[in-house]
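> Have a look; sequence and predicted model below, questions after that.
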Amino acid sequence: MKNKLSSKLLDKPYLVWSVLFIIAPLIMVAYYAFTDKSGAFSLSSIEQIPSYIPTILESILYGLAATAICLVIGFPFAYIFSKFSARRQQTMVLLVMLPMWTNFLIRTYSWMTILGDTGIINTILDAVGLEPLKLINTSGAVILGMVYNFLPYMILPIYSILSKLDNSLIEAAQDLGSNKLQVMRRVIMPLSLPGVLSGITMVFVPCVSTFYITQKLGGGQIVLIGDVIETQFQSANNYNLGAALSFVLMILILICLGIMNYFGADESDGGVVI
């Protein structure tokens, strides 16, 4: 009886947290999305969404590009330092997490200093007699900012899986005649799939919805859906349209998560490809 009471009490904080920070905000977003400024039911905000479809698609493309780059960089990095000794692994994890201890705004501002027309890179180029480059306020700068800020979210989940791999499986594959490339393709990559899927999710979602990176590194020339939503809430005071766009973005993200879970369902525990 006492154990049942204890288990119920332990569930309460989670339920309170879910109601306050998950369910209640979703209800508020849905309310504003389907009402007008007077609070009456209205589809006027929803009807404006088709005009923002190009912006939504562009946001998805930027998110996919940044996520792909994070995966290409993050997987080899996670694999390499998962082979280090336990002490060196702890040091590498600390180094990966170290930039995350700095405020997100400061990290983004630092790239403005590096990529600016009179920034560090162009100052060096000018000193050696080369023409300065247009680095800031470009799509490349925006993607670079996304990759820099969200790369740890790709590395850490993959590392978590790779560091726990059973080396006997790799040794067995090598004993059966597999070379290093075949071991990577048929053993290591399938077994690391849960970490890869987690990393893709954790990077893609904030990349699609970001707005500060585009404002500072894109100079307002690149407008993604996060920028539009932020403008509706902060400048235009149009909470209804902002909520409608947020509602659509939330649905798109849930669809993406559903697709990821569908493809990862059979590999939830990892598996070796025969």
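In hand now; what should we look at? Numbering: from 1, shown residues only.
> can you tell me how far the residue most central in space within the chain sits from residue 114?
Most central in the chain under C-alpha atoms, centre = their mean is residue 203, positioned 1.7 Å from the mean C-alpha point. Distance, residue 203 to residue 114, by C-beta to C-beta, to the nearest Å: 22 Å. Any C-beta I mention is one placed from the backbone N, CA and C, and that applies to glycine too.
> what do you get for residue 61?
Distance from residue 61 to residue 114, by C-beta to C-beta: 25 Å.
> ditto for residue 37
Distance from residue 37 to residue 114, by C-beta to C-beta: 43 Å.
> what's the answer for residue 34, then?
44 Å.
> same check, this time on residue 68
23 Å.
> Check the secondary structure at residue 84 for me.
coil (DSSP: H, G, I helix; E, B strand; the rest coil).
> Excluding sequence neighbours, find me the nearest residue to it.
residue 92 (6.5 Å; C-beta to C-beta, 6 or more residues apart in numbering).
> Number of residues surrounding residue 25?
11 (other C-beta atoms under 10 Å).
> before we move on, the earlier item: pick out whichever of residue 34 and residue 114 has more residues nearby.
Counted by other C-beta under 10 Å, residue 34 and residue 114 do not tie: residue 34 has more neighbours, with 18 against 15.
> who touches that one in this structure?
41, 42, 43, 45, 46, 244 (C-beta atoms under 8 Å, 6 or more residues apart in numbering).
> next one: residue 159
78, 81, 82, 93, 195.
> just to revisit the earlier point, taking the contacts of residue 34 one by one, which sit in helices?
Residues of the contacts of residue 34 located in helices (DSSP state H): 45, 46, 244.
> Surely the last one touches residue 49?
Yes - the pair residue 244 and residue 49 passes the contact test of C-beta atoms under 8 Å, sitting 6.1 Å apart.
> Can you pick out the residue with more neighbours from these two?
Under the criterion of other C-beta under 10 Å, the comparison of residue 244 against residue 49 puts residue 244 first, with 27 against 15.
> so what pLDDT did the more buried one get?
According to the prediction, residue 244 has pLDDT 95.
> Residue 269 now?
50.
> in this structure, what spans have low per-residue confidence?
Within the chain, the ranges that satisfy pLDDT under 70 run 1-11, 264-274.
> what about the strands in it?
Applying DSSP state E to the chain gives no strands.
> which residues does the closest residue to residue 240 other than its chain neighbours contact?
Among residues not flanking residue 240 along the chain, residue 45 sits closest, at 4.4 Å (C-beta to C-beta, 6+ apart). Counting by C-beta under 8 Å, 6+ apart, residue 45 makes contact with 32, 33, 34, 36, 240, 241, 243, 244.
> Show the buried residues in these.
If you count burial by 16 or more other C-beta atoms under 10 Å, the buried members of those come out as 32, 33, 34, 240, 241, 243, 244.
> what's near enough to touch the last one?
Right, the one you point to is residue 244. If you count contacts by C-beta under 8 Å, 6+ apart, then residue 244 has 32, 33, 34, 45, 46, 48, 49 around it.
> ok, those vs residue 145, which is closest?
Distances from residue 145 to the contacts of residue 244, taken as C-beta to C-beta, are shortest for residue 49 (26.9 Å).
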